[in-house]
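In: next one to model:
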Amino acid sequence: MITLKAGMKAVVVGLGKSGLAAVQYLHQQGLEVAVSEFRDQLPEEERAVLEQCDVDPSTGLETGGHTAAFFVDADLIVPSPGVPADLPILTAARSRGVPVVGELALAAGRIQVPVIAVTGSNGKTTVTSLIGHLLGSCGKKVFVGGNIGTPILEYLLNPGNAEVVMLELSS
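Out: Residues are numbered from 1 along each chain as shown. Model prediction:
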């Protein structure tokens with residue numbers, strides 16, 4: 001399990017649903033969060049979440065690409081699922097010993113209810129949805145997420161809302 005300590009600096013690479021959930025979760029854990037985003041402009045909804053999570057727009061937000069200087073004092077880097085693992089800035093961070101972990105690795109060990117994960121080449125969404133529906137029909141409170149559209153870290157933001165976590169994971 002990745003150790004998270006209040007005051008650590010985490011850089012989230014890429015926003016979207018998973019990146020925003022990572023920002024919120026890391027902030028909730030007491031980390032100083034910064035964001036590096038490829039897009040030049042962020043929608044107002046995303047800027048509002050960053051503001052709520054104390055991301056300083058002048059020092060904690062980089063848009064329009066990823067620069068080495070922005071990552072130099074990171075204790076942890078969390079790339080969103082769409083960010084290539086071989087991005088040069090991530091490769092450089094790994095070579096310096098900085099943990100670069102995705103949302104699944106961040107959630108690992110922190111989910112206190114049973115987890116069912118579906119992976120493979122074809123049919124993941126259908127099987128994940130079906131199992132989630134069947135469990136719900138049996139009276140279970142089920143969180144259905146992962147690649148199916150709801151980030152895993154959204155469960156950790158409200159962990160009491162499910163008895164089972166049902167995840168679709170990349171093959």
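
In: after the host helix or strand of Val12 comes which helix or strand?
Out: Using DSSP states H and E, Val12 falls within strand 9-13. As assigned by DSSP H and E, the chain's next helix or strand after strand 9-13 is helix 16-28.

In: what packs against that following helix?
Out: Packing partners of helix 16-28 (3 or more CB pairs under 8 Å, 6 or more residues apart in numbering; DSSP states H and E): strand 9-13, strand 32-36, helix 44-52, strand 76-79, helix 103-107, helix 152-157. (Each C-beta comes from the backbone N, C-alpha and C, glycine too.)

In: and if we set it to 6 Å?
Out: Helices and strands touching helix 16-28, as assessed by 3 or more CB pairs under 6 Å, 6 or more residues apart in numbering; DSSP states H and E, comprise strand 9-13, strand 32-36, helix 152-157.

In: work out the gap between the last one and the centre of the chain.
Out: Once both centres are worked out by CA atoms, centre = their mean, to the nearest Å, helix 152-157 turns out to sit 8 Å from its chain's centre.

In: do you know how far the residue lying farthest from the centre of the chain is from Leu167?
Out: Within the chain, Cys138 marks the point farthest from the mean C-alpha position, 29.5 Å out by CA atoms, centre = their mean. To Leu167, Cys138 is 18 Å away according to CB to CB, to the nearest Å.
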